[in-house]
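> sequence? don't have it. structure:
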């Protein structure tokens, strides 16, 4: 039987509680030190209104020779800020300036599917399952943006910044 999925219910579960905010701070600190769960990195982007640096943990997804950032929890602040700025820094022991390019739905679909397959913890927040076809992922790509990141002045971020999952 196919599960009934509600975007509103999923996002209500995601609400940024004090526990989640504290966990995010701990993950950022670990990432900056070169550690962190699942290859997490600290993503710092200028705030779209304030211009102040905003940092959040994300987990890059290395796929087909490119490094991606996936937004499993929807169009959250880091996504809006990255769309506005187009550039950011990622940090996992070392810091790299990166350019972010948002992918169109058809290009994002295989990345989003790979992410869901490799990161079971986010499945409750995504309306397509790991065995769904690419059309299902293309249909939800607007709610879960995918960016390809490229190091400014060079290739993709090095292997220390790569992972098999994203967040």
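Right, received. Where do you want to start? From a predicted model like this one, the values you see are computed outputs, not experimental measurements. Numbers count the residues shown, from 1 in each chain.
> which parts of this protein are helices?
Under the criterion DSSP state H, the chain contains helices at 7-14, 18-32, 77-85, 105-118, 134-140.
> tell me which strands the longest strand along the chain pairs with, and in which orientation.
When the chain is parsed with DSSP state E, its longest strand is strand 94-102. Strands that pair with strand 94-102, judged by DSSP bridges, come out as strand 87-92 (antiparallel), strand 146-151 (antiparallel).
> what's the most buried one of the helices of the chain?
Of all the helices of the chain, helix 105-118 has the most neighbours on average by mean count of other C-beta atoms under 10 Å, namely a mean of 21. (Glycine included, C-beta is placed from N, CA and C.)
> which residues touch that helix?
Residues outside helix 105-118 that contact it (C-beta atoms under 8 Å, 6 or more residues apart in numbering) are 61, 63, 68, 70, 72, 103, 122-123, 126, 128-130, 132, 134-135, 137-142, 144-146, 164-166.
> and those, which of them are buried?
61, 63, 68, 70, 72, 103, 122-123, 126, 128, 132, 137-138, 140-141, 144-146, 164-166 (16 or more other C-beta atoms under 10 Å).
> this completes my enquiry, with thanks.
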